[in-house]
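K.L.:
what shape does this take:
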Amino acid sequence: MKIIAFCAQKEKHIGVVQDDKIISLTVLNPSRFPPCIKTFIEGSDDLRKHAEQLLEQRNNENSVFTLSDVKILPPISQPEKIICVGLNYIDHCKETGMEPPASPVIFSKYANAIIGHNDAVEIPINSNEVDFEAELVVVIGKEAKCVSEEEANNHVFGYTIMNDISARDLQFNDGQWSRGKTADTFAPIGPIVVTQDEVGDPHQLSISLVLNGEIMQDSNTNNLIFTVPQIISFLSQSMTLKPGDLIATGTPPGVGMGRNPKVWLKNGDEMNVKIEKIGTLTNFVQNRQTN
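P.N.:
Numbering: from 1, shown residues only. Okay, here's the model as predicted:
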């Protein structure tokens, strides 16, 4: 199932993508499907079964929308946690001049950074070195506390895409990564969440980023150092993962800071992050407007 949050005629919906159409679950049953994917995830298997029944019946033509006619929203705009894994592709470690880590390198982003498909990434007024990072994101579906690697997949709802925008000058000047990683607009997410059963093995997905028509990153998730089950188990030993939490699994080589000459994002740039079986997340770049 491909779940989407969208806005049509100033009303918010959640729906299911089928080809180039969206079937609005919110129209079909607004009391059971408010326009919030996090609520859908928290409803577990019962709500999903009800959604499947509605899709089979689909007796309301007003529930059908065309992708090109709606505004796609971030799939989850207020997760409890956005957890990111750094240095999780060996070739990315090499291009940054860092040794592969012995255990996952963890940092966080906050909800202020979240934007959606086709939204603009803003370059902060205090940074001149803003970079891009294509990443596969795990969407947690069931509370996970002290779970084993063997149990971890039982706690996954599905997967989406993030572009982990990073102000490298702030990131490295500070000595820790928070300010450089979670500025406003620095977490483009979307365009959809694809359920675990449709994605299959998350470690066999092509992943790429194209900047202004040029391929910058081109890899496969089979190059992850720490797998999805390893990451979930590792995190759950310290913190309880909740439905709707997002875990970005790291970026492959090809980022701007690893190039010679370095490539920093600038006003007017277009980025397309593509992950097999999930889709393409598109965002544009603009200078932040000052008051």
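K.L.:
helix or strand for Asn272, which one?
P.N.:
strand 270-275 (DSSP states H and E).
K.L.:
Leu55 too?
P.N.:
Leu55 belongs to helix 44-57 when elements are defined using DSSP H and E.
K.L.:
which other residues reach that helix?
P.N.:
For helix 44-57, contacts defined as Cβ atoms under 8 Å, 6 or more residues apart in numbering pick out 1, 16, 18, 23, 25, 28-29, 32-33, 40, 141-142, 195. For every residue, glycine as well, the C-beta is placed using N, CA and C.
K.L.:
next one: stretch 183-190
P.N.:
72-76, 82, 109, 112-117, 119-122, 124, 127, 137, 160-167, 170, 246, 273, 281, 283, 288.
K.L.:
filter those residues down to the ones in strands?
P.N.:
72, 82, 109, 114-115, 120-122, 137, 160-163, 166-167, 246, 273, 281, 283 (DSSP state E).
K.L.:
which of the residues you listed are buried? Put it as a ChimeraX command.
P.N.:
With 16 or more other Cβ atoms under 10 Å as the burial test, the buried ones among these are selected in ChimeraX as follows:
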select :72,82,109,114,115,121,122,137,160,161,162,163,166,167,246,273,281,283
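K.L.:
coming back round to it: by contact count, what packs against the strand holding Asn272?
P.N.:
In terms of contact count using 3 or more Cβ pairs under 8 Å, 6 or more residues apart in numbering; DSSP states H and E, strand 270-275 is assigned the packing partners strand 134-140, strand 156-163, strand 206-211, strand 279-287.
K.L.:
out of the ones you listed, nearest to Gln230?
P.N.:
Closest to Gln230 of those, according to Cβ to Cβ: strand 134-140, at 11.5 Å.
K.L.:
tell me where this protein has helices.
P.N.:
25-28, 37-42, 44-57, 90-96, 168-174, 178-181, 196-199, 228-236 (DSSP state H).
K.L.:
for these, which one sits closest to Phe6?
P.N.:
helix 25-28 (9.5 Å).
K.L.:
what packs against the closest one?
P.N.:
Secondary elements touching helix 25-28 (3+ Cβ pairs under 8 Å, 6+ apart): strand 11-18, helix 44-57.
K.L.:
brilliant, that's me finished.
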